[in-house]
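S.K.: sharing a model prediction with you, sequence too.
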Amino acid sequence: MELAHYLEAEYELEWSEALRKAHLTKTILGLMGTSVVRFTYRKQDGTLREARGTLCRQMSAGFAAYQFVMLLEVFIWPRATFSYWDMDKNGFRSFSADRLIEVKS
């Protein structure tokens, strides 16, 4: 609920949309803790990004080079921005919860 309130206030989203985005964010972060997740978000330049990402060290050989403890609270720059290991780009990327569109797996 805290994220939904933040999204509503910070990004001036309707309450129902803020709740939907917060739910999608909770879902994706939970799934990323154990697997690779396909999802879509809108980049800052307005284009759509189809991504495959994870927070799970075992899913990527390149991930082992980083000595980060991946908890859900880690890597939140502004409060609604989350980092993930991008399987296609082989590096860390981030998305903002207000730009999350769809979680596919």
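M.R.: Cool, the structure landed.

S.K.: any idea where the helices of the chain begin and end?
M.R.: 2-10, 15-32 (DSSP state H).

S.K.: so for the longest one, mean pLDDT?
M.R.: Averaged across helix 15-32, pLDDT comes to 94.

S.K.: and it, which residues are buried?
M.R.: Neighbour counts over helix 15-32 (16 or more other C-beta atoms under 10 Å) mark A18, L19, K21, A22, L24, T25, I28, L29, L31, M32 as buried. From N, CA and C alone the C-beta is placed, and that goes for glycine too.

S.K.: give the closest residue to R42 in space, chain neighbours not counted.
M.R.: R99 (4.4 Å; C-beta to C-beta, 6 or more residues apart in numbering).

S.K.: and the pLDDT for the one you found?
M.R.: For R99, pLDDT reads 96.

S.K.: phi, psi of the closest residue to T34 other than its chain neighbours?
M.R.: Spatial nearest neighbour of T34, chain neighbours left out: C56 (5.8 Å); criterion: C-beta to C-beta, 6+ apart. Backbone torsions of C56, given as degrees, to the nearest 10, read phi -100, psi 120.

S.K.: any idea how many residues pack against C56?
M.R.: Residues lying near C56 (other C-beta atoms under 10 Å) number 17.

S.K.: quick one: it and R42, what's the gap?
M.R.: Distance from C56 to R42, counting by C-beta to C-beta, to the nearest Å: 25 Å.

S.K.: contact partners for D88?
M.R.: A51, R52 (C-beta atoms under 8 Å, 6 or more residues apart in numbering).

S.K.: and if we set it to 10 Å?
M.R.: Residues near D88 by C-beta atoms under 10 Å, 6 or more residues apart in numbering: E50, A51, R52, G53.

S.K.: who does the last one bridge with?
M.R.: With DSSP bridges applied, the residues forming beta bridges to G53 are V37, D86.
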